[in-house]
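Chemist: predicted model and sequence follow; I will ask about them next.
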There are 2 protein chains.
Amino acid sequence: MFLRVDLSSLSIQTQSVPQVYAQYGGRALIARLLLDEMAPGCDPLGPNNLLVIAPGLLAGLPLSSAGRLSVGGKSPLTGGIKEANVGGNVGDKLGRLGIKAIIVEGLSTRDESHLLTIRSEGVELHPAGELRGLGTYDTVASLQSRFGPDIGVLAVGPAGEMGMRAAGIAVTDDLLGQPGRLAARGGLGAVMGIKGLKAIVIDDTGAKAPEPHDAEGFKQASRRFASELIESPKTGRQGSMHRYGTAAILSVVQQIGALPTRNFSRGEFEGAERIGPEQLREVILERGGKIGERCMGGCVIQCCNVYVDAEGKPIVSTLQFETLALMGSNLEIDDLDQIACLNRMCNDLGLDTIEMGAALGVAMEAGLASFGDSQAAAQLMQEVAEGTPIGRILGNGAQIAGQVLGVARVPVARGQAMPGYDPRALKGNGVTYATSAMGADHTAGNTIGARQASDPLSPEGKGELSRNLQRIGVMLDMTGLCLFARPPVVADPGLMVTLLNTRFGWTWNEEDLTRMEDEVLRMEREFNRREGFTPVHDRLPDIFTNEPLPPHNTVFDVPAEELARAVEDL
Amino acid sequence: MFLRVDLSSLSIQTQSVPQVYAQYGGRALIARLLLDEMAPGCDPLGPNNLLVIAPGLLAGLPLSSAGRLSVGGKSPLTGGIKEANVGGNVGDKLGRLGIKAIIVEGLSTRDESHLLTIRSEGVELHPAGELRGLGTYDTVASLQSRFGPDIGVLAVGPAGEMGMRAAGIAVTDDLLGQPGRLAARGGLGAVMGIKGLKAIVIDDTGAKAPEPHDAEGFKQASRRFASELIESPKTGRQGSMHRYGTAAILSVVQQIGALPTRNFSRGEFEGAERIGPEQLREVILERGGKIGERCMGGCVIQCCNVYVDAEGKPIVSTLQFETLALMGSNLEIDDLDQIACLNRMCNDLGLDTIEMGAALGVAMEAGLASFGDSQAAAQLMQEVAEGTPIGRILGNGAQIAGQVLGVARVPVARGQAMPGYDPRALKGNGVTYATSAMGADHTAGNTIGARQASDPLSPEGKGELSRNLQRIGVMLDMTGLCLFARPPVVADPGLMVTLLNTRFGWTWNEEDLTRMEDEVLRMEREFNRREGFTPVHDRLPDIFTNEPLPPHNTVFDVPAEELARAVEDL
């Protein structure tokens, strides 16, 4: 069902899913709903923006790594469509509760806070003044003590409540039950916060997994999927993902000279080893932290960690590559403890570590702190917490920080900060940043995995490469599959088709799947077109095409025709 | 000739005007040059933006009110084309020197300052570190003591040097020789400042007025023009313009309920009389200030004033309507002395009083100061002067201030602050704000003069009305005529045709003039199209279409089809 929540009238409405939406889930459903229900031109932080929370098509089932959750709306950072994708325990719970989407509209009276509870016994909106201004950790702890330890929670922190554009939506995981996962990107935390929705509690007690249309067929496909993941040298027990988590990527990106360093002025970081995967694993194991854990039930990959302090007390879970890159090398901070503390602050305030890391890099470039000075970075984060002028500048993301502070080198595309791959040394990602409706977003089409097949420094063929990966991104984000779990369905898309057909009784073939992927990309681009985006916006800032990046001293030189290939027919 | 100045290579080049540019002057020449010479997509504050300074076609001649100067480039506020128009003594001097345009490109090494001198004996670039950080008044005084009291100066203040988007370019007047006039709008002061060009000195000693092609014919047309201005009840000696200057507009705008009050939340200001034209005139005359002066040589209208303090010492010249509205009623400041002091600070820092007034209104809405508190406003201006975080937020204009401070009611169109006419009560101006390539700019097509012929509150016919006024705006801005001097050439465009034909030996008719006006509007729109603007951008922010404005309690409800009429065929 659809759950419609209006913060203006404080009303809730449930609706059976209209047949026309049956084949859409997660990111696909978001694109479709936003196109159908939103008039162009609204203020992303005004009452007419919709916040849509939608699990993937395969959520809630006994299937590994399929509980990712999509959160979408018009982005206050990019002015275009945004889908922010997050792990944790909420996606599967919504799947089990039969909720295909929560659609939040309206705006409550300024400075009012509300809580939405979704339980088997009903759905309710509660005044939640007592939660206002609380960090996400305290918010979740308070809700767990009230509604039980096994609930799932979506919550915004003070950053979202203050309408800061770097704000994301924190989601509880299946590991510590803490809000260590974020639907981080695009500023959707500001959309939720400004609407006056502080948190959503999801309690699926008593709910059962949905019954697949062909239970036996689905079970077989699900087993095949899991065993391929387990047997793969990459995603299996001896694979780098289980052993190191996303941190494994850091060595690779450093190696190709694309690791954001000193506000994207270099692609190699001297201190890379000190914040790299081996060091991370060693420190965590030595201190009694955790490695190889899972964020959602049933995941066989288990790439998560619990980073602990010297006394073994958890600082943050999970410390990930993007944070190590943007708040580590990008700021020339080479101390894992310090990065973990900055990460914790971001989680607690409800902030995207990518956007904040980029904004801090810009601040350091402007001279507000020295590169490498983690204490100064923490003080700037404290300013964000307090909503001081400088805090508000940074909390609104890298682009606004650059504009206000007068910094020319600002690593953004369409107003959103770049993740941990400099597009000058990994040109396929530059194509994705420039052409994706999502702006600079690695999950929209990350070419790092193709580095052996396609030279990262060459512009050649990067349009088609990006487009193919953009399609795969849609497939994952509409079904709820984790990016890390893609190998079996990329190697054989027929496996994905079987999962969908046995689950829903459809008769899709592989072409139907590709057609849907392109349809979603087309809808997202159409949404942006209606908002005024044109092919002119398919570009990176001047600085990336003009300023060579050491060590390879290359610029982003993918020609317009090649960029156009990534969005052909969209 | 064209004078090309490259701040990157510190080189100067003079160029005979190519024949293809002969019929373009001022704003028209800017549109043409920017289209021809700038690649789309550049960073407005990067090396590839061009700053073009161009007098009108009729500059330097014995003709009243024709020495207005156009300054243009890609706006860092709007991301589109910008022409900022300014009076003072520079336009005529450039006309007499035979300089059709100064085209500034490149970017000097960070934090370097340069001075360009244009004299009969030659054109030179000088290092000007000694001027760096100086206010515009001290800058001009220093240059006058070095180059003589009769020079014309264009200068940026600290705001422009810091790259703040509310920065304009100050220009000396013919009254006190002080930088009391600003090519204010669109942030072009930041473009000049970031390029490292602190000031331009224009010394036309020894230069003569250009010889018209048909000297006798031109003289007759010029006499007719002047005598019509003098005999008109509006522009003549007994007219409101001479007696009150632009301040006369305040009573009219208050009367129709369109006077920006308390950050555009009301259209009537209780204290309007205390900052109105009668009061202004009375205070100035009582204290021995000046009324009925001119900013440029030969002007017969003479609408300028010198606002003095209780001791008779000049505070600012000229205190104008836009400043009274944006820094007066909009901030609920009802004290002329205080407004004059804020105006002086803006001039000295090199800031647009419209943009700064709007930004201060947003700051007051955010609670950084109370409405009506002029001391607090002055303190915020001091923060701008010092480049503190809050100062940088405000100095970058109303839109960024709203984004950073989390204020929903932000009076902008295309990123630029609205002037002193609320578009909900003067809907024709709303059409201009929404559709003009210039963004919210009254000089692009001000419908206040048509209030008797066309009900300001009715959306009807406002598309055509705005378009016609947009055409007239082009005619004035390409020839260098002051807006106040438009009645004779609006009543009989044939008079303008005669002025141009006798000046240049052309054979234009009235249709040729209209064709050129439309061509300029088309070029400007084409420039913006190349930068990614579409008809979707022809709109005002939600707040103006949603929130009724007292006292008439109307919203901006001009339908899309009517808006489209203003830009038909462009």
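Modeler: Everything's here; your move. All figures in this text were calculated on a predicted structure; none of them were measured in a lab.
Chemist: quick one, grab the pLDDT at the residue lying farthest from the centre of chain A.
Modeler: Centroid-distance maximum for chain A: residue A:216 at 33.1 Å, with C-alpha atoms, centre = their mean. Looking at residue A:216, its pLDDT reads 98.
Chemist: and it, what element?
Modeler: Assigned by DSSP states H and E, residue A:216 belongs to helix A:215-231.
Chemist: next SSE downstream of that helix?
Modeler: Counting by DSSP H and E, what follows helix A:215-231 is helix A:240-244.
Chemist: what sits up against that next one?
Modeler: A:234-236, A:248, A:277-278, A:280-281, A:291-292, A:301-303, A:484 (C-beta atoms under 8 Å, 6 or more residues apart in numbering or on different chains). C-beta: built from backbone N, CA, C; applies to glycine.
Chemist: repeat that for stretch A:13-23.
Modeler: A:1-6, A:29, A:32-33, A:100, A:123, A:504, A:506, A:516.
Chemist: cool, and stretch A:3-11?
Modeler: By C-beta under 8 Å, 6+ apart, stretch A:3-11 touches A:12-15, A:47, A:99, A:101-108, A:114, A:116, A:118, A:123, A:125, A:195-197.
Chemist: please redo it, this time with the cut-off set to 10 Å
Modeler: With contact meaning C-beta atoms under 10 Å, 6 or more residues apart in numbering or on different chains, stretch A:3-11 is reached by A:12-15, A:37, A:47, A:50-51, A:53, A:94, A:97, A:99-109, A:112, A:114, A:116, A:118, A:123, A:125-127, A:192, A:194-197, A:200.
Chemist: list only buried entries from the residues you listed.
Modeler: A:12, A:47, A:50-51, A:53, A:94, A:97, A:99-108, A:112, A:114, A:116, A:118, A:123, A:125, A:192, A:194-197, A:200 (16 or more other C-beta atoms under 10 Å in any protein chain shown).
Chemist: thought residue A:436 was touching residue A:428, still the case?
Modeler: No. Assessed by C-beta atoms under 10 Å, residue A:428 is found out of contact with residue A:436, at 11.8 Å.
Chemist: give me the common contacts of those two.
Modeler: With C-beta under 10 Å, 6+ apart as the test, residue A:428 and residue A:436 both reach A:445, A:466, A:469, A:566.
Chemist: and the furthest pair within these?
Modeler: Between any two of those, the greatest separation by C-beta to C-beta is 9.4 Å, found for A:469 and A:566.
Chemist: who touches both of the two?
Modeler: In contact with both residue A:469 and residue A:566: A:428, A:431, A:432, A:436, A:445, using C-beta under 10 Å, 6+ apart.
Chemist: if you look at those residues, which of them are in helices?
Modeler: Among those, the residues falling in helices (DSSP state H) are A:428, A:431, A:432.
Chemist: count the residues that sit near the first one.
Modeler: Which is residue A:428. The tally of other residues near residue A:428 (other C-beta atoms under 10 Å in any protein chain shown) stands at 30.
Chemist: name the nearest residue to whichever residue of the stretch 1-150 of chain A sits closest to chain B, sequence neighbours excluded.
Modeler: Residue of the stretch 1-150 of chain A nearest chain B, by C-beta to the nearest C-beta: residue A:43 (4.7 Å). Excluding the flanking residues, the one nearest residue A:43 by C-beta to C-beta, 6 or more residues apart in numbering or on different chains is residue B:542, at 4.7 Å.
Chemist: now residue A:364
Modeler: Nearest in space to residue A:364, with sequence neighbours left out and distances taken as C-beta to C-beta, 6+ apart, is residue A:371 at 5.0 Å.
Chemist: wait, the one you found sits on residue A:331?
Modeler: Yes. Counting by C-beta under 10 Å, residue A:371 touches residue A:331, with 6.2 Å between them.
Chemist: the two: which is more packed in?
Modeler: residue A:331 (30 against 18).
Chemist: about what we covered before: the residue of the stretch 1-150 of chain A closest to chain B: neighbour count?
Modeler: Residue A:43: 19 neighbours (other C-beta under 10 Å).
Chemist: A strand includes it, no?
Modeler: No. Residue A:43 is assigned coil when assessed by DSSP: H, G, I helix; E, B strand; the rest coil, not a strand.
Chemist: separation between it and residue A:194?
Modeler: Distance of residue A:43 to residue A:194, given as C-beta to C-beta, to the nearest Å: 10 Å.
Chemist: hang on, the earlier thing: going by neighbour count, which of the contacts of helix A:240-244 comes out on top?
Modeler: residue A:303 (28 neighbours).
Chemist: pretty sure that residue contacts residue A:229?
Modeler: No. Counting by C-beta under 10 Å, residue A:229 is not a contact partner of residue A:303; they are 11.2 Å apart.
Chemist: buried residues, the longest helix anywhere in chain A. List them.
Modeler: For chain A, the longest helix by residue count, based on DSSP H, is helix A:510-530. Applying a neighbour-count criterion of 16+ other C-beta under 10 Å, one finds A:513, A:516-530 buried in helix A:510-530.
Chemist: now the nearest residue to residue A:203 once chain neighbours are set aside. Its backbone dihedrals?
Modeler: Once flanking residues are discounted, residue A:203 sits nearest to residue A:119: 4.3 Å by C-beta to C-beta, 6+ apart. Main-chain torsions, residue A:119, degrees, to the nearest 10: phi -130, psi 170.
Chemist: could you count how many residues lie near residue A:119?
Modeler: 18.
Chemist: please apply the same query to residue A:8.
Modeler: 13.
Chemist: ranges for the helices of the stretch 251-400 of chain A?
Modeler: Assigned by DSSP state H, counting those that start in this stretch, the stretch 251-400 of chain A shows helices spanning A:277-286, A:321-326, A:336-349, A:353-365, A:374-386, A:389-395, A:398-405.
Chemist: can you show me the CA trace of the third one as CSV?
Modeler: Coordinates of each C-alpha in helix A:336-349 appear next as CSV, following Å, rounded to 0.1, in the frame of the first residue of the first chain:
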residue,chain,number,x,y,z
LEU,A,336,41.4,6.8,11.8
ASP,A,337,40.2,7.8,15.3
GLN,A,338,39.8,11.4,14.2
ILE,A,339,38.0,10.4,11.0
ALA,A,340,35.7,8.1,13.0
CYS,A,341,34.9,11.0,15.4
LEU,A,342,34.1,13.3,12.6
ASN,A,343,31.9,10.5,11.1
ARG,A,344,30.1,10.1,14.4
MET,A,345,29.4,13.8,14.5
CYS,A,346,28.0,13.7,11.0
ASN,A,347,25.8,10.8,11.9
ASP,A,348,24.6,12.4,15.0
LEU,A,349,23.8,15.7,13.4
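Chemist: could I get the average pLDDT for that helix?
Modeler: Mean predicted confidence for helix A:336-349 is 98.
Chemist: now swap in stretch A:377-397 and tell me
Modeler: Stretch A:377-397 comes out at a mean pLDDT of 98.
Chemist: then that stretch to CSV, C-alphas only?
Modeler: This file holds the C-alpha atoms of stretch A:377-397, laid out as CSV (Å, rounded to 0.1, in the frame of the first residue of the first chain):
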residue,chain,number,x,y,z
ALA,A,377,37.7,20.3,11.6
ALA,A,378,35.8,19.0,14.7
GLN,A,379,35.5,22.7,15.8
LEU,A,380,33.9,23.6,12.5
MET,A,381,31.5,20.6,12.9
GLN,A,382,30.6,22.0,16.3
GLU,A,383,29.7,25.3,14.5
VAL,A,384,27.4,23.3,12.3
ALA,A,385,25.8,21.8,15.4
GLU,A,386,25.3,25.2,16.9
GLY,A,387,24.0,26.7,13.6
THR,A,388,26.4,29.6,13.8
PRO,A,389,26.9,31.6,10.5
ILE,A,390,30.0,29.6,9.6
GLY,A,391,28.2,26.4,10.6
ARG,A,392,25.3,27.3,8.4
ILE,A,393,27.6,28.0,5.5
LEU,A,394,29.3,24.6,5.7
GLY,A,395,26.1,22.7,6.6
ASN,A,396,24.6,23.9,3.3
GLY,A,397,27.2,22.0,1.4
